[in-house]
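Asks: Output the structure for:
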Amino acid sequence: MYRLPVPAAPASAPESLFVRPGCELPGPGAWDAVYGRHAPLEVEVGFGRDDALLRRARALPGRDFLGVELKRDRAEAYARRAVRLGLRNLRIVTARAEVVVGVLLPDSRVAVLRALFPDPWPKDRHAGHRLVRPSFAREARRVLEPGGLLVLATDDAAYAAEMRAAVGAAGGFEGSPGNGRAPGGSPAPGESSEKEGDLFDGTTIFERKGLAAGASIARLVWRRLPPAR
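Replies: Modelled structure (predicted):
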């Protein structure tokens, strides 16, 4: 129901989809050269095995997409699926999300930054491993263009509260109450617009697991405000 059907896999991962700093990406401002055009750029961190990024890239061919995944084997499997789907607007970086967002992305370049169900690291002693912290929120504010969207989702109530606090402390955002609707009339789950498409186009693997376990799903969207004059 949620998985995109694809033909048989090619023999090896298509290296052309991978972006290496200093090679395909000579500097943090060189994303137009990577894609061969200037288009709105969407970044999804920690895509794992889920189809959400593939679905969005296929639905919005006028936009470019960057997937960030630390695990190389998952990234290679994902790249093969992207090629089988004929996606030409998707590239992949295998690195920590904090490095990509904090170093490889220039100011005000990203239209949408998504992190769907990042690991909540529920034990207190592991809290420092969580992705969405004040430092991440500040970098998200930096890389998002004015009007750009920060899109987060989690099935962990404590982590949802921490996400709200981190983004609130960063400043420079206006946010939704958590129903997945971006400020200013952008689409709620299941709705669409020509500009942004569906922010939550069906459930992800972790969302289905959370719902099966009786968890409440927090779908959080913030819009980057223009810099103060």
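
Asks: can you give me the helices for this structure?
Replies: 31-35, 52-59, 72-84, 97-99, 134-143, 157-170, 205-212 (DSSP state H).

Asks: Mind listing what's buried along stretch 21-36?
Replies: For stretch 21-36, burial by neighbour count (16 or more other C-beta atoms under 10 Å) applies to Pro21, Glu24, Leu25, Pro28, Trp31, Tyr35. C-beta: built from backbone N, CA, C; applies to glycine.

Asks: Confirm for me that the fourth one is in contact with Asp107.
Replies: Spelled out, it's Pro28. No. Using C-beta atoms under 8 Å, Pro28 and Asp107 do not qualify as a contacting pair, with a distance of 9.1 Å.

Asks: For this protein, which residue occupies the most central location?
Replies: Geometric centre of the chain, nearest residue: Glu44, 2.0 Å, by C-alpha atoms, centre = their mean.

Asks: For the longest strand anywhere in the chain, what is the distance to the chain centroid?
Replies: The longest strand of the chain (DSSP state E) is strand 144-154. Offset of strand 144-154 from its chain centre (C-alpha atoms, centre = their mean, to the nearest Å): 9 Å.

Asks: Could you do stretch 38-48 as well?
Replies: 5 Å.

Asks: what about that stretch, start to end distance?
Replies: Using C-alpha to C-alpha, to the nearest Å, the end-to-end distance of stretch 38-48 comes to 27 Å.

Asks: hmm, who's touching that stretch?
Replies: The contact list for stretch 38-48 (C-beta atoms under 8 Å, 6 or more residues apart in numbering) reads 31-32, 52-53, 56, 60, 62-70, 74, 78, 89, 97, 100-101, 105, 109-116, 118-119, 131, 143, 205.

Asks: Inside strands: which ones of the residues you listed?
Replies: Using DSSP E, the contacts of stretch 38-48 in strands are Asp64, Phe65, Leu66, Gly67, Val68, Val110, Ala111, Val112, Leu113, Arg114, Ala115, Leu116.

Asks: pLDDT and neighbour count added to those, as TSV?
Replies: Shown next, in TSV, are the ones in strands among the contacts of stretch 38-48 (pLDDT from 0 to 100; neighbours: other C-beta atoms under 10 Å):
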residue	pLDDT	neighbour count
Asp64	97	24
Phe65	97	26
Leu66	97	25
Gly67	96	28
Val68	96	25
Val110	97	24
Ala111	96	19
Val112	96	24
Leu113	97	27
Arg114	95	23
Ala115	94	24
Leu116	92	23
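
Asks: So which other helices or strands are in contact with the helix or strand of the chain with the lowest mean pLDDT?
Replies: Between all helices and strands in the chain, the lowest mean by mean pLDDT, DSSP states H and E belongs to helix 205-212, at a mean of 70. Under the contact criterion of 3 or more C-beta pairs under 8 Å, 6 or more residues apart in numbering; DSSP states H and E, helix 205-212 touches no helix or strand at all.
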